[in-house]
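In: predicted model and sequence below, questions to follow.
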Amino acid sequence: MINFNNKVLIGSQSTMGTKIANELSKFGIYTSTRQSFSEETLRKHNAVLIDNTAEDMDEIIETVVSNPTLNVRTFVLTKETEQSIYDKNGVLFISESLETESICELIRHCVEEVNTHKRLEIAASKMLLYYGVQPNLKGYRYLVESVTMVAENPDFAFDINKMLYPAIAEIHGVKIASVERAIRTAIEAAYARTKAEKFEELFNYSTTKPWNSEFIAVVAEKIRIGFVS
């Protein structure tokens, strides 16, 4: 069965491009092939594979890579190189020397990984809103990302000052102290405007205003348990 939440655009109508599209369909991934495509078309997909072996696609690759608003996983099929797979600025280059099945398995894994991340982000957003975190605060966005990161990798919760805050700060180009302060402000505001019973429901015990690390870890763990149960 085709999963229309997993959509891959094949930037080529070559024999290779068509073969990859057909193989991805066997994994239940929706695919479409285009010799050329617009940004509007690209935004409707989770990932794009640009076949750079069929013709010179450098301009299209540059357009996709240089536009920070295009939130799609990008793969480029290249002529045979020394490295079968290599990452360059977030773009995964794949040598045509790999078997079609291996290429498709790699794309499938990456697409499903992206979808899992998005589902975790949505779950984090819903939970933060439920507990009164205001979405108009910078700390809200930092919290969504922090909770998602910890749900994906619980090790981040062990030392948020050295692991989590720096990661969030790098993403947004701000100071680590700004991340900590914004998150603390968002949690304090939520605690002040939300009934204490809600926070007791979250922690399963009576609590005063929680520390950043405590709040992030508990929300992330509840989301993680929900995904694996």
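Out: Looks like it came in fine.

In: for T74, helix, strand, or coil?
Out: Recorded secondary structure, T74: strand (DSSP: H, G, I helix; E, B strand; the rest coil).

In: what about it, neighbour count?
Out: By the measure other CB atoms under 10 Å, the count of residues near T74 is 20. In this view, the C-beta of every residue, glycine as well, is placed from N, C-alpha and C.

In: right, and it touches F93 too?
Out: No - here T74 lies out of contact with F93, judged by CB atoms under 8 Å, at a distance of 9.7 Å.

In: list the buried residues of the longest helix along the chain.
Out: Counting residues, the longest helix found in the chain (DSSP state H) is helix 100-130. For helix 100-130, burial by neighbour count (16 or more other CB atoms under 10 Å) applies to 103-104, 106-108, 110-112, 114, 120-121, 123-125, 127-128.

In: identify the contacts common to T74 and F93.
Out: Common neighbours of T74 and F93, counting by CB atoms under 8 Å, 6 or more residues apart in numbering, are absent.

In: and V144, that's in a strand?
Out: No - read with three-state DSSP, V144 is helix and lies in no strand.

In: so it sits right up against S125, yeah?
Out: Yes - with contact defined as CB under 8 Å, V144 counts as touching S125 (5.4 Å).

In: tell me how far the longest helix of the chain is from the chain's mean position?
Out: Put simply, helix 100-130 sits 6 Å off its chain's centre (CA atoms, centre = their mean, to the nearest Å).

In: can you count the residues close to R43?
Out: For R43, the count of nearby residues is 11 (other CB under 10 Å).

In: please disregard the earlier target; I meant P135.
Out: P135 has 11 neighbouring residues, counting by other CB under 10 Å.

In: what of K7?
Out: 18.

In: and what of the one 3 residues further on?
Out: I10 is flanked by 29 other residues according to other CB under 10 Å.

In: low pLDDT regions in this protein?
Out: 1-5, 54-71, 81-82, 89, 115, 196, 205-207, 226-229 (pLDDT under 70).

In: how about the helices in it?
Out: Along the chain, the segments classed as helices by DSSP H run 15-26, 39-42, 58-66, 100-130, 138-152, 165-172, 176-193, 196-203, 212-228.

In: most tightly surrounded among those?
Out: With neighbours taken as mean count of other CB atoms under 10 Å, the helices of the chain reach their highest mean count in helix 138-152, at a mean of 23.
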